[in-house]
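Novice: Please find the sequence and the predicted model below.
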There are 4 protein chains.
Amino acid sequence: MTSDAAPSFPTSLGTSAGTSITLLGRDLARDLMGQVGFGELAYWLITLERPTPQQARLFEAVLLGLADHGFTPTAIAARLTYLSAPDAIQGALAAGLLGGGSRFLGVTEDTGRFLAGVLASAGRPPGGEAGWDALAEKAVADRAAAGRLVPGLGHPVHKDGDPRTPRIIAIAHEEGLYGPHLALFEAVGRVHPKVLGKRLPLNGAGVSGAALADLGLPLELLRGVVLLARCAGLLGQIAEEIRRPIANEIYMTVDRNAQYVPPEG
Amino acid sequence: MTSDAAPSFPTSLGTSAGTSITLLGRDLARDLMGQVGFGELAYWLITLERPTPQQARLFEAVLLGLADHGFTPTAIAARLTYLSAPDAIQGALAAGLLGGGSRFLGVTEDTGRFLAGVLASAGRPPGGEAGWDALAEKAVADRAAAGRLVPGLGHPVHKDGDPRTPRIIAIAHEEGLYGPHLALFEAVGRVHPKVLGKRLPLNGAGVSGAALADLGLPLELLRGVVLLARCAGLLGQIAEEIRRPIANEIYMTVDRNAQYVPPEG
Amino acid sequence: MTSDAAPSFPTSLGTSAGTSITLLGRDLARDLMGQVGFGELAYWLITLERPTPQQARLFEAVLLGLADHGFTPTAIAARLTYLSAPDAIQGALAAGLLGGGSRFLGVTEDTGRFLAGVLASAGRPPGGEAGWDALAEKAVADRAAAGRLVPGLGHPVHKDGDPRTPRIIAIAHEEGLYGPHLALFEAVGRVHPKVLGKRLPLNGAGVSGAALADLGLPLELLRGVVLLARCAGLLGQIAEEIRRPIANEIYMTVDRNAQYVPPEG
Amino acid sequence: MTSDAAPSFPTSLGTSAGTSITLLGRDLARDLMGQVGFGELAYWLITLERPTPQQARLFEAVLLGLADHGFTPTAIAARLTYLSAPDAIQGALAAGLLGGGSRFLGVTEDTGRFLAGVLASAGRPPGGEAGWDALAEKAVADRAAAGRLVPGLGHPVHKDGDPRTPRIIAIAHEEGLYGPHLALFEAVGRVHPKVLGKRLPLNGAGVSGAALADLGLPLELLRGVVLLARCAGLLGQIAEEIRRPIANEIYMTVDRNAQYVPPEG
């Protein structure tokens, strides 16, 4: 703790020396490049464990489902920032990612944490669908009693079902990776109408959180996984903005329709 | 241009309606999730063309080579931001990406633009190694005469050769994707000592720019590709910061060794 | 809600037309520039009310107290980002602001919200120091019982007193702006040792939150006020980085002292 | 350069110890808070010299002129980011600042650099209006010959004159701070129609760059000064977004008017 002691900064990620580069304990050029996929590497960087092909497939399916949702506020913010500062594409990407907060991109992590919390409080997972339903019903009821929404339920567009949800569940089954978080999430889908009095769809962001939690990814990084997926989508948005610009027309649409209201009003 | 005309915002990326989601003209859940890799999707989003397996392999090899370089300034900035604002992981990722400017992460795009510019001015590509060498020699000499560095040449650590460079070139050959940008880049590697009077390594960032240009990616998005790669690396850095924090020790190291200098000094 | 209706975007801030520019309902060039200070304008923009000279003085004193704290994690992140991307100073400023999260820069807003919440639950403010002390004691005890820290209490360096605290209180008295939030904050300072068993200083970030709340600023913008103050400080840090760079040495210090730990470790 | 030598990080900004805090060599609480304005402090942090009242007035007039321009792309990006992530106001501010690039917010610095470059190449400043006009005419002609725009000329709205321009010039005269950059800028305004064949207004961003350069601020920080001004404006935009939200309507307007174009199209 004195200023004489040289500090030490441990890491298990990248190092380099002379003619070699090591990443995750492997020779980057020889063992990783050309042999490992990008999604696979992202999983490995986050968990320090190389995913099995099964884990990589589920993980990448989640990334694909979250990459782009059209003209979201974050996509628009990235395009407007690119319009203003085309010389600094990093700023446009960063501006897009900064919308990754509680409202639109937080559902994945919120759902993962919610499910993990219920499972932790339950001790060991219940056996059988009836057991899952009972656990889910109590969790939904507790949440409702606290006046809080159940994360992963509901969608502004896909009111009759988000097509990503059954797809993620099917892939998890195919790959032998269907675990307690997905089981509980499906039970929430079955029982919530009884508690809440209305049927809501299990959304794609929520099922993604359940699947990532079943994969064992750290809960505090689930939003980070969404942001990685979104980074690819934002790159697509910026590429399209370059090919066929719309940001200036968005700006003009807002500016043209501005209506001045006196401060006292 | 009047305020009555409803604006129209064209896009070829994501759209959704009722129970379907379309991305890049495909059914997201049925045709993409579980069937397309994440690197593949990123390529597709940028170019609007699905990469062949060969293109995807080269593209992902480039992403792997650029994902993480240990304790770079951007990795440290992301960790310090996470330390300050752990509740907003999007801010830590964004802060890390914002270092993606001219100095450290710009080499890939600079090299791609440099090579493409030389090729464009040359008209049709030369035949044979001697032809490439002549073209490269002129390009290096012009650059040197203008007092500018040749992008893609030199590395602070890998003075005797960056191991990523031969690897990218080998993969491009294996996949039938070795094109004029890589050929010119290799020629730069052969001839520059004659012009500059010293031998410098062809670095990994530079060869990545050449390979991405040969893949046909838009030059103005090459830095964006580097940022996508780096996004995965930054997620790894933040995951490690959570597991084994060092940002506070970095902060303390700087603060402990601060030396006050009067403003007049 | 149909796509035919032209949208309307109301605003009371800036508008312009032909040869005039209006800001906050005033002629920008004639009525504001050269007549209104920058801190004064910031207050006006946030509240839509022009501050009195007294309000402006207290507000600016708060901004000064929060502008720069030396080599904080956010200052270091801004400098490292400037090192990486000197061509995009907006990225360095943004990276610095992104550290304005819960841990280091959130105290001002947390304290304002805490005090406002206690006052709201108390109904009308108590009369006399004994009344304030009773209210504060209950609030501190409730907070401690919930296992939560009392915001605005404690400082890693200024253990025997943060010099900004008495200064802000004195200015508030001088300007006739000492209100219930500051009164409650001072009472917390008096009574907390009885509840917590140790004496902690009332810190400068906390007293700033109390003062801003007494000024009537919206609680959800208090962190924004801190960020504005910090923006000036970060500009100073970047100016110093240009004059006398240290970011590369920080980077080298971390890199030199990296210690590789196998991922399995 | 060995890992044993303790690094040293010099600074002239903030330091603190025990019960005192020093900023810019002054006692923060006693000598600065309550006595120095916020704009004054920003100037001091950037230059390490306390501005005279005259310098502070001109500097703050510039900040006021640049703080908010209504629904600019950056203001819209900040509002959309706040909509997405209201829990992280730092992200909304950062997103807004990230638009501070070459296109919209770069004019101030570009103009300052342009004028300073012309003055440097001219050796000593000319005497008399005719001398300034000759220098300006050559500079405009050189720029036009190189196919580059003259920074600070032209405005999309204020075609017949930007009201900020005469105001900044008048304040500079009033305060005895009218210098060679402003003189050259005014000469550009007089002579450019002869060279360019059309009359364009001297815009407010450009005159701000000239005034800041006359104040002696470092040219590489002029964009930073604009960003500080804009930070206050963005805070106003976010405050208004909280009071009377429009970001969701902007998002809906874009989304409603999306038009899907097949990728092949």
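Specialist: Okay, I see it. What you see is a predicted model; the values in this text were computed from it and never measured.

Novice: Every contact and neighbour count from this point should use C-alpha atoms.
Specialist: OK.

Novice: Return the set of buried residues in the lengthiest helix in chain A.
Specialist: If you go by DSSP state H, chain A has its longest helix at helix A:222-243. Buried positions in helix A:222-243, judged by neighbour count with 16 or more other C-alpha atoms under 10 Å in any protein chain shown: A:222-242.

Novice: Neighbouring strands - and their directions - for the helix or strand harbouring A:Ser16?
Specialist: Under DSSP states H and E, the secondary-structure element containing A:Ser16 is strand A:14-17. Strand A:14-17 has its sheet partners listed here by DSSP bridges as strand A:20-23 (antiparallel).

Novice: Would you mind pulling the contact partners of the partner strand?
Specialist: A:12-16, A:27-29, B:68, B:158, B:162-163 (C-alpha atoms under 8 Å, 6 or more residues apart in numbering or on different chains).

Novice: Apply 7 Å and report the result again.
Specialist: A:13-16, A:27-28, B:163 (C-alpha atoms under 7 Å, 6 or more residues apart in numbering or on different chains).

Novice: Ok, stretch A:204-217 next?
Specialist: A:47, A:55, A:62, A:107-109, A:111-112, A:151-152, A:162, A:164-165, A:178-182, A:185, A:219, A:222.

Novice: now, which of those lie close to chain B?
Specialist: Among the contacts of stretch A:204-217, the ones lying near chain B by C-alpha under 7 Å from any C-alpha of the partner chain are A:162, A:164.

Novice: Would you check that A:Pro7 makes contact with C:Asn257?
Specialist: Yes: with contact defined as C-alpha atoms under 7 Å, A:Pro7 reaches C:Asn257; the gap is 6.5 Å.

Novice: Comparing these two, which shows the higher neighbour count?
Specialist: A:Pro7 (23 against 16; other C-alpha atoms under 10 Å in any protein chain shown).

Novice: who's in contact with A:Leu177?
Specialist: By C-alpha under 7 Å, 6+ apart, A:Leu177 has no neighbours at all.

Novice: That one: helix or strand, and which one exactly?
Specialist: A:Leu177 belongs to no helix or strand, assigned by DSSP H and E.

Novice: tell me the phi and psi of it?
Specialist: phi -120, psi 10 (degrees, to the nearest 10).

Novice: Show me what the mean pLDDT comes to for the strand holding A:Ser16.
Specialist: For strand A:14-17, mean pLDDT is 84.

Novice: so how far is it off the chain centroid?
Specialist: 30 Å (C-alpha atoms, centre = their mean, to the nearest Å).

Novice: Stretch A:75-90 too?
Specialist: Using C-alpha atoms, centre = their mean, the offset of stretch A:75-90 from its chain centre is 22 Å.

Novice: Give me the pLDDT for A:Val140.
Specialist: 97.

Novice: now do A:Ala94
Specialist: 97.

Novice: can the helix or strand harbouring it be found next to chain D?
Specialist: A:Ala94 belongs to helix A:89-98 when assigned by DSSP H and E. Yes: using C-alpha under 7 Å from any C-alpha, we find that helix A:89-98 touches chain D at A:91, A:95, A:98.

Novice: List the contacts of the helix or strand just after that helix.
Specialist: Heading C-terminal from helix A:89-98, the first helix or strand you meet, by DSSP H and E, is helix A:107-122. Helix A:107-122 has contacts (C-alpha under 7 Å, 6+ apart) with A:125, A:139, A:151-152, A:181, A:184, A:205-206, A:208-210, A:213, A:219, A:222-223.

Novice: swap the cut-off to 8 Å and go again
Specialist: Outside helix A:107-122, the residues that touch it by C-alpha under 8 Å, 6+ apart are A:125, A:135, A:139, A:151-152, A:180-181, A:184-185, A:205-210, A:212-213, A:219-223, A:226.
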